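A.B. asks: quick one, fold the following:
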Amino acid sequence: MDIKKTFKQKIISDVLTYNTDWPVLIYDKTCAELLKNLFTKSEFITYNIVMSQFIEENRDQADFPVIYFVKCTSEISKIINSDFINKKYSSFNVCSLCEPENLNNEISCKVVHLNIKAMEERFFLSEIDDLNSVCNILNSYFFVEYTNRNLEKYSKILTDDNNKLGKLILFDRSIDLFTPLLHFYTFQPLLEDINITDMKKIYEEYGNTTLWKDLRHTHLGEMSDLLKSYVKKVRTKPNENIKDLMKAVMDAPETMKTNKGLRLFFDLTEECYAKFDYFDTFANIEQSIVTKEKIKNEKILKILKNQNIEENDRKRIFLLYKLSGHKYTDEEMKDLEFLKDLDIEIGDFKPISYDYKFNYAVSKFEPTISVALREYIKNNKKIIPFYKVEREKKTVQSLRKTNLISVKKEIKGDNIWCIYIKGGVTYEEIKCIYKLSDELGIEFVIGSDKIVRAQDYINK
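C.D. replies: Residues are numbered from 1 along each chain as shown. All right, here's what the predicted structure looks like:
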């Protein structure tokens, strides 16, 4: 499963090649965000696009048809209506992410359910109200379960006109407040956490490379060996026969990029190792808190008072301990003056009890969403509650007629399982989805309305 490739193909078929030849493509800010992860501007000519322009820039009159790819609000409609009246283009077609507002009735318009941002092969961002877009892009008819009663209303917004069966499981962020605050030592989550490099540039230059895809979900304890194995591959000389020599020539640009990436990621790994020496002073304390291991209160308070530990990290530990059930006394808070105004909304959050399997003592904890899905596959739904939409009939055919979309039915491994977290997802949880897909042979994708970080909680 590669949601970026699937989404790109959907935009090509539903927008770029829609109803006309050699058009001008006009997009607004919203659609520009969707396009930039998938296309280069020079690539549009491949799909017979004459030119592409931002809707709010000065645009000359052109004797070509136009396709507007926009979220057709009243403001956008005003611009399009003006273009139409002034006959700026030879014919007009609008592809809108929403029902058009105040658009001239003479202008051809179709609503396209494409309002997501495809970030990685298995990861997307969208508002929960736009889950229809996910159904459309993946061409999947989702049977829905949810883990919080507040999510039930969102399970009823999906259309039923897609072909493939799939499962959609809705989670709320309140199911696991430990994960956004905890330090993880997987390469990508760690880089995102410690802010030692411009991750935007990493994604732009290396996001689609095999090197980055191999490294991003690797634990820091295994990074050195993996990087060394890459170096060994790069240094291996081809046999001196014509086929291998030709392959070496063809691969040269990619090899140069790999070499450059290796140097960069070696340097970043060294910086991560250096930072880990600091994390090691409290990593086991964090793990004990979130895995419910016995630990003396005095030991945690000592860490919270330790000024050699950065204030933000002490704030994270402070909140983790509170989430675990500890109630700070007035006496304890006397020595923690800098934390007196720090609070977190616990809501429905309840730490789970689980026998974690782990390879590293600093990485015992597994995000609850990963645990819940792993156990769900085993038909164990006791870790957290799962709810289904009430239904009148049990067959897929009748469900399509009544638009009720939950049914007890076996979902095969080649069907898509879409996991959506309302309230934000972490990079560690994204990693877990890739890992579960590989381990279980299930086509998982994960989405959320935003990416959450520890700073979102400690800076409130």
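
A.B. asks: so who does the most centrally placed residue in the chain touch?
C.D. replies: What sits nearest the mean C-alpha location of the chain, by CA atoms, centre = their mean, is Phe123, with 3.7 Å. Applying CB atoms under 8 Å, 6 or more residues apart in numbering, we find Phe123 in contact with Ile3, Val425, Ile430, Ile433, Val445, Ile446, Gly447. Where you see a C-beta, it was placed from the backbone N, CA and C, and this is true even at glycine.

A.B. asks: do Tyr328 as well
C.D. replies: Tyr328 touches Lys322, Leu336, counting by CB under 8 Å, 6+ apart.

A.B. asks: ok, Ile384 next?
C.D. replies: Listed by CB under 8 Å, 6+ apart, the contact partners of Ile384 are Thr147, Ile175, Ile352, Thr368, Ala372.

A.B. asks: quick one: it from Glu439, how far?
C.D. replies: For Ile384, the distance to Glu439 equals 20 Å [CB to CB, to the nearest Å].

A.B. asks: which regions of this protein lie under the pLDDT threshold?
C.D. replies: Applying pLDDT under 70 to the chain picks out residues 157-163, 234-254, 389-414.

A.B. asks: at 50 what do you get?
C.D. replies: 242, 245-246, 249, 391-411, 413 (pLDDT under 50).

A.B. asks: all strands of it, in order?
C.D. replies: All strands of the chain, identified by DSSP state E, fall at 24-27, 51-54, 65-70, 91-96, 108-111, 117-120, 123-125, 140-146, 164-172, 387-388, 416-422, 443-448.

A.B. asks: quick one: contacts of the last one?
C.D. replies: Identification of contacts with strand 443-448 by CB under 8 Å, 6+ apart yields 1, 3, 116, 122-126, 134, 138, 373, 413-425, 429-430, 433-434, 436-437.

A.B. asks: circling back to that earlier point, could you dump the contacts of Phe123 into a markdown table with distance to Lys213 and neighbour count added?
C.D. replies: A markdown table is the format used below for the contacts of Phe123 (distance: CB to CB, whole Å; neighbours: other CB atoms under 10 Å):
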| residue | distance to Lys213 | neighbour count |
| --- | --- | --- |
| Ile3 | 14 | 24 |
| Val425 | 19 | 27 |
| Ile430 | 13 | 25 |
| Ile433 | 14 | 24 |
| Val445 | 16 | 26 |
| Ile446 | 16 | 27 |
| Gly447 | 19 | 29 |
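
A.B. asks: for Asn93, give me its contacts.
C.D. replies: Asn93 makes contacts with Tyr18, Asn19, Thr20, Pro23, Pro65, Val66, Ile67, Tyr68, Ile107, Ser108, Cys109, Lys110, as judged by CB under 8 Å, 6+ apart.

A.B. asks: let's see that with 6 Å instead.
C.D. replies: Taking CB atoms under 6 Å, 6 or more residues apart in numbering, we find Asn93 in contact with Asn19, Ile67, Ser108.

A.B. asks: which one of these is nearest Ile317?
C.D. replies: Ile317 lies nearest to Ile67 out of the contacts of Asn93, by CB to CB, at 53.1 Å.

A.B. asks: bridging residues for the closest one?
C.D. replies: Beta-bridge partners for Ile67, by DSSP bridges, are Leu25, Asn93.

A.B. asks: if we can go back for a sec, give me the subset of the contacts of Ile384 lying in helices.
C.D. replies: Assigned to helices by DSSP state H, the following of the contacts of Ile384 qualify: Thr368, Ala372.
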